[in-house]
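**Student:** 3D model of this:
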Amino acid sequence: MPSTVISDAEEAPSSSLSQKVMARPLSTTFKSLKPHSNPLPFPKPTKSLRSPSKISAQLSPKQSSSPVSTSSSTNSWTVYLILSTNPPIKTYVGVTNNFSRRLKQHNGELTGGAKASRAGRPWICACLVQGFSNKSKAYEFESKWKSISRKLPRKRRCKNQEQAEDSQSHLLLLQHRYAALNQVEDLMDFSHLEIDWHLDPI
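**Tutor:** Predicted structure coming up:
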């Protein structure tokens, strides 16, 4: 499975998704975050999705890699977005038919994790997209999400942002992936998919 940084594994910086997904600022999820005073402008989502659950970035490696419940069967394919909780703060998009096992691989508890996810552990689940009829459909979706993420403009980061405790980068990364996901909907049919944000993108 291919992986990249900022493009595939993305470092700090259609139609739409559900209004339920973005009710709570990320600063309430990541306790160390400062409230984002100038959020990026996104179109109001209209698609009805499940509300995100409360997940803290300040988890231990063991807690963060614990199984994440999914409504799909074990053999179905899922496109996932995970977020690192240690510098360098970044996101990673991938495909799997067993997310709980795959998250443990990314966190080094099992062999087989992507090289791009070795730094920044532990990783936590940010979003799951489920309901793909087969593996090729899931990889097509993953490819479009990554491609659009690479092309979208990003806010500039200061040189020492990785070392600074300004965890605003968490929010910027999730906003960037969210905006890209909105544009993927213009290219693909979302009607059969279940998009579950575990972390608020805005």
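**Student:** any chance you could map the helices in this structure?
**Tutor:** Per DSSP state H, the chain has helices spanning 61-64, 99-106, 135-151, 168-184. These are given in chain order.
**Student:** quick one, longest strand in the protein?
**Tutor:** For the chain, the strand with the greatest residue count under DSSP state E is strand 123-132.
**Student:** Adjacent strands (with direction) for that strand?
**Tutor:** If you go by DSSP bridges, strand 123-132 pairs up with strand 77-84 (antiparallel), strand 194-197 (antiparallel).
**Student:** could I get the ones you listed as CSV with mean neighbour count, mean pLDDT and distance to T91?
**Tutor:** Backbone N, C-alpha and C define where each C-beta goes, glycine included. Shown next, in CSV, are those (neighbours: other Cβ atoms under 10 Å; pLDDT from 0 to 100; distance: least, Cβ to Cβ, whole Å):
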stretch, mean neighbour count, mean pLDDT, distance to T91
strand 77-84, 25, 97, 5
strand 194-197, 21, 96, 13
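**Student:** So which of the ones you listed is nearest R150?
**Tutor:** Nearest to R150, of all the strands paired with strand 123-132, is strand 77-84, at 14.7 Å by Cβ to Cβ.
**Student:** Low-confidence stretches in the protein?
**Tutor:** Flagging of the chain using pLDDT under 70 yields the residue ranges 1-75, 155-167.
**Student:** how does it look with 90?
**Tutor:** 1-76, 88, 112-116, 133, 154-170, 185-186, 188-191, 201-202 (pLDDT under 90).
**Student:** For A126, see how far away N182 is.
**Tutor:** 15 Å (Cβ to Cβ, to the nearest Å).
**Student:** typo on my end, it should be N97
**Tutor:** On the measure of Cβ to Cβ, N97 and A126 end up 19 Å apart.
**Student:** Pick out whichever of those two has more residues nearby.
**Tutor:** A count of neighbours by other Cβ atoms under 10 Å puts A126 above the other of N97 and A126, at 25 against 16.
**Student:** list the contacts for the residue lying closest to L199 once chain neighbours are set aside?
**Tutor:** Excluding the flanking residues, the one nearest L199 by Cβ to Cβ, 6 or more residues apart in numbering is A126, at 4.5 Å. A126 sits next to L81, I82, L83, T91, L174, R177, W197, H198, L199 when contact means Cβ atoms under 8 Å, 6 or more residues apart in numbering.
**Student:** Same list as before, the helices of the chain that is, but in TSV and with mean neighbour count included.
**Tutor:** Below are the helices of the chain laid out as TSV (neighbours: other Cβ atoms under 10 Å):
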stretch	mean neighbour count
helix 61-64	16
helix 99-106	21
helix 135-151	18
helix 168-184	23
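**Student:** out of the ones you listed, which comes closest to S76?
**Tutor:** Here helix 135-151 is closest among the helices of the chain (Cβ to Cβ), at 8.9 Å.
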